[in-house]
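Visitor: Let me see the structure of the following:
(chains A and B)
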Amino acid sequence: MTEVKVPATPGPAGAGLGEGAARRRQVIRSTSARSLVRRHLAGRVAVALCAVAVAISLAPLVALVAYTTSRGIHALTVGFFTQSPIPPDGGGISNAIVGSLIIDGLAAAMAVPVGIVTALFLLERRGRLAGAVRFTADVLTGVPSIAIGIFAYAVLVEPFAHFSALAGSFALAVLMLPIVIRSSESAMRAVPRDEWEAGLALGVRRGRVVRSIVLRGALPGLVTGNLLALARAVGETAPLLFTAIGSQLFNLSPTQPTAAIPLVIYGDGTAPFPAQQQIAWGAAFVLLVFVLVLSLVARLVAGRLNRQAR
Amino acid sequence: MTIGTPPAAPDSTPVATAVPTAAAPEEAAVALEKVSVTFGSHRVVRDVTLNLARHRVTALVGPSGCGKTTILRAINRLHDDTGGKVDGRVTVGDLDVYARDTQPELVRSRVGMVFQRPNPFPTMSIFDNVVAGLRLNGVRSKALLREAAEAALHHAALWDLVKDRLHSPAVRLSGGQQQRLCIARALAIEPEVLLMDEPCSSLDPIATAKIEELITRLSTDVTIGLVTHNMFQATRVSDYTAFFLLGEDRATGELIEYGPTKEIFDTPNDPRTKAYVSGKVG
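Guide: Below you'll find the predicted structure:
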């Protein structure tokens, strides 16, 4: 680095300073002034690169939504939502929509309570067991969904020799569990330690502090995290392939083979007949809207809860 | 609060440096003209006209939420990043802070800042912290960095304490030492103005006394703007005092009165100032 020799400024800037300080000020100012031009240019370039990166990451998403919409929207008729499939290639997907609601609802009912309680355990314990649980949850996140499916098949289908919505829910619950655990844990960790202690210092029981202060404070994060976990599960196909397996019939019993939207997409999308493919596109569009609505609701609820907390 | 005796001789006034008088207005290092700051639809503080006299300490006092800190942060354009909109005119020397072609970096290289809580960079050593403002602005000369670090640490009365462990992590220092390190870091770029936002609020009385002593000493070289909740601190270290209060709408802060510290505390013009300073409970 060159030391710029500039005469120490006379007048206001230098007065009162030692000579060394005035010289340093001069060098520092001129150095940073020179690098400022370069830095501003670099900043512009960086912002431009960011814009390009945003465009690249948005492009597939926009294309996917646009394409699915354009192909699927023609399938949407009243019958599409009210009828079950009419063989060979007519009818609608009402049975699959209801089936998905049942399967996903039951999956959430299993995964959310277990996940939140596990998260609480992780929050309260620092020991080896907690570490092992956390590690297991992380590993579980990476387990392929098809493996979870075959596991559910082995546990809940094979012994009964019977496919069921319940087995599908179980598979999806296993899939959701690690996401629920980790997102709930971080939501609850975000509640300041001060608030815990303020509660404990009032002589309040630990369980009550957790319920009324920690869970309440973490509620926006809990809602968001769990709904996003659900959104993730709603679109899963592999775990349902050999558990809920799908059905042509309208059915409300969780112990029966049940249709689900992803299964319709899989089944009809690979069929050779245009009418069935049309149904698959329609189902894909419905699924997309479903997931989008879930994400939107997650944000809205979190936003509202956050505002109430203020 | 009992500790923190004024550094001045016992028989002099508690005001530290030369007592300014209203009769002889001093040169302004920083001038604010009708400055207002707005966040969204909330006007936090309005129409503040105020000078920071050169090489003097100006204290900004008043209850919480009346815009003292907001005004302080308007001087070095920190609101650029918080979404606050600043109206009015701020000048530092001959530099128009909010002119279109004024780069915020340029303003901040002339106006240093010390925050409420000590905020040394936790991943950096003591030395790296002090020279961060130089290094990150492109100064590479080892000799100059070393020289600047030593000078700044001397200024912050920290040199003797840390000279043998300049390369140990800054976060190992105590709270008060960390705050002095932050002062050294701000001074290392040789600013003309130093803004201090309640620099003692997280410190114990002994550490506070050291910082106050430092403020008094630093004011021979730099202009200091000090936000404080501690009225005794204002009387101990400041030459001028600006008193802020919420206006009649109970939402927007206003500058009520501004003048030599002694006058503000002994013979305030505004009854609201009088009420506030007479209830002064350090």
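Visitor: rest of the way, CA atoms for contacts and neighbours
Guide: Will do.
Visitor: neighbours around the residue in the stretch 1-150 of chain B that chain A sits nearest to, how many?
Guide: Sorted by distance to chain A under C-alpha to the nearest C-alpha, the residues of the stretch 1-150 of chain B start with B:N137, at 5.0 Å. When neighbours are counted by other C-alpha atoms under 10 Å in any protein chain shown, B:N137 registers 21.
Visitor: show me what contacts the residue nearest to it when sequence neighbours are not counted?
Guide: Distance criterion C-alpha to C-alpha, 6 or more residues apart in numbering or on different chains; nearest residue to B:N137, sequence neighbours excluded, is A:S32 at 5.0 Å. Contact partners of A:S32, counting by C-alpha atoms under 8 Å, 6 or more residues apart in numbering or on different chains, are B:137-139.
Visitor: Check A:T118 too.
Guide: With the criterion set at C-alpha under 8 Å, 6+ apart, A:T118 makes contact with A:I181.
Visitor: returning to that earlier point: state the pLDDT value of the residue of the stretch 1-150 of chain B closest to chain A.
Guide: Residue-level confidence at B:N137 comes out at 86, pLDDT.
Visitor: The stretch 201-310 of chain A: helices as residue ranges?
Guide: Along the stretch 201-310 of chain A, counting by DSSP state H, counting those that start in this stretch, helices occupy A:206-209, A:215-234, A:238-241, A:261-269, A:274-309.
Visitor: for the record, mean pLDDT for the first one?
Guide: Taken as a whole, helix A:206-209 has a mean pLDDT of 88.
Visitor: CA atoms of it as PDB?
Guide: What follows is helix A:206-209, C-alpha atoms only, in PDB (Å, rounded to 0.1, in the frame of the first residue of the first chain):
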ATOM      1  CA  ARG A 206     -42.300 -25.300  34.800                       C
ATOM      2  CA  GLY A 207     -45.000 -27.000  32.700                       C
ATOM      3  CA  ARG A 208     -47.200 -24.000  33.100                       C
ATOM      4  CA  VAL A 209     -44.400 -21.600  32.000                       C
END
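Visitor: Can you list the buried residues in it?
Guide: For helix A:206-209, the buried set under the neighbour-count rule, 16 or more other C-alpha atoms under 10 Å in any protein chain shown, comprises A:V209.
Visitor: closest point of the stretch 101-250 of chain A to chain B, which residue?
Guide: Taking C-alpha to the nearest C-alpha, the stretch 101-250 of chain A has A:D194 as its residue nearest chain B, at 16.4 Å.
Visitor: If you rank every helix and strand of chain A by mean pLDDT, what lands last?
Guide: Of the helices and strands making up chain A, the lowest-confidence element is strand A:90-91, at a mean of 80, by mean pLDDT, DSSP states H and E.
Visitor: residues in contact with that one?
Guide: Here strand A:90-91 makes contact (C-alpha under 8 Å, 6+ apart) with A:79-80, A:83-85, A:275-276.
Visitor: Give me the mean pLDDT for the helix or strand that that strand is followed by.
Guide: Going down the chain from strand A:90-91, the next helix or strand is helix A:94-124, by DSSP states H and E. For helix A:94-124, the per-residue pLDDT values average out at 94.
Visitor: How far off centre is helix A:94-124?
Guide: With C-alpha atoms, centre = their mean, to the nearest Å as the basis, helix A:94-124 stands 14 Å off its chain's centre.
Visitor: for it, which positions count as buried?
Guide: In helix A:94-124, counting by 16+ other C-alpha under 10 Å, buried: A:94-100, A:102-108, A:110-112, A:114-116, A:118-122.
Visitor: Also stretch A:59-73?
Guide: By neighbour count, with 16+ other C-alpha under 10 Å as the criterion, the buried positions of stretch A:59-73 are A:68-69, A:71-73.
Visitor: Any chance of a markdown table for these, columns secondary structure?
Guide: Rendered in a markdown table, the data for the buried residues of stretch A:59-73 read as follows (DSSP: H, G, I helix; E, B strand; the rest coil):
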| residue | secondary structure |
| --- | --- |
| A:T68 | helix |
| A:T69 | helix |
| A:R71 | helix |
| A:G72 | helix |
| A:I73 | helix |
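Visitor: which of those residues lies closest to chain B?
Guide: Minimum separation from chain B among those (C-alpha to the nearest C-alpha) is found for A:T69, which lies at 37.4 Å.
Visitor: Sketch out the low-pLDDT regions of the stretch 151-282 of chain B for me.
Guide: Counting by pLDDT under 70, the ranges of the stretch 151-282 of chain B that qualify are B:280-282.
Visitor: Close to chain A: what parts of it are there?
Guide: Taking C-alpha under 8 Å from any C-alpha of the partner chain as the measure of proximity, the stretch 151-282 of chain B contacts chain A at B:189-192, B:220-221.
Visitor: Are we agreed that the residue of the stretch 101-250 of chain A closest to chain B is in a helix?
Guide: Yes. Judged by three-state DSSP, A:D194 forms part of a helix.
Visitor: Could you report the neighbour count for it?
Guide: Neighbours of A:D194 under the rule other C-alpha under 10 Å: 9.
Visitor: again, but for A:R23
Guide: Using other C-alpha under 10 Å, A:R23 has 20 other residues around it.
Visitor: Redo the helices of the stretch 201-310 of chain A as TSV? Include distance to chain B.
Guide: Below are the helices of the stretch 201-310 of chain A laid out as TSV (distance: least, C-alpha to the nearest C-alpha, whole Å):
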stretch	distance to chain B
helix A:206-209	28
helix A:215-234	24
helix A:238-241	45
helix A:261-269	44
helix A:274-309	16
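Visitor: Pick the most deeply packed of those.
Guide: Greatest average neighbour count among the helices of the stretch 201-310 of chain A goes to helix A:238-241 (a mean of 26), per mean count of other C-alpha atoms under 10 Å in any protein chain shown.
Visitor: Using CSV, write down the CA coordinates of that one.
Guide: Coordinates of each C-alpha in helix A:238-241 appear next as CSV, following Å, rounded to 0.1, in the frame of the first residue of the first chain:
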residue,chain,number,x,y,z
ALA,A,238,-43.9,-42.3,-3.0
PRO,A,239,-44.9,-43.0,0.6
LEU,A,240,-48.5,-43.4,-0.6
LEU,A,241,-47.8,-45.8,-3.5
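Visitor: Tell me how far that helix lies from the chain's centre.
Guide: Distance of helix A:238-241 from the chain centroid (C-alpha atoms, centre = their mean) equals 20 Å.
Visitor: one step back: quick one: mark the members of the residues of the stretch 151-282 of chain B next to chain A that sit in helices.
Guide: Within those, membership in helices is found for no residue, as judged by DSSP state H.
Visitor: got the angle for the host helix or strand of the residue nearest to B:N137 vs helix A:274-309?
Guide: Of the helices and strands defined by DSSP H and E, A:S32 is found in helix A:19-72. Regarding helix A:19-72 and helix A:274-309, their directions subtend 140 degrees when assessed with axes from the mean of the first three to the mean of the last three C-alpha atoms, to 10 degrees.
Visitor: Off-centre distance for helix A:19-72?
Guide: With C-alpha atoms, centre = their mean as the basis, helix A:19-72 stands 28 Å off its chain's centre.
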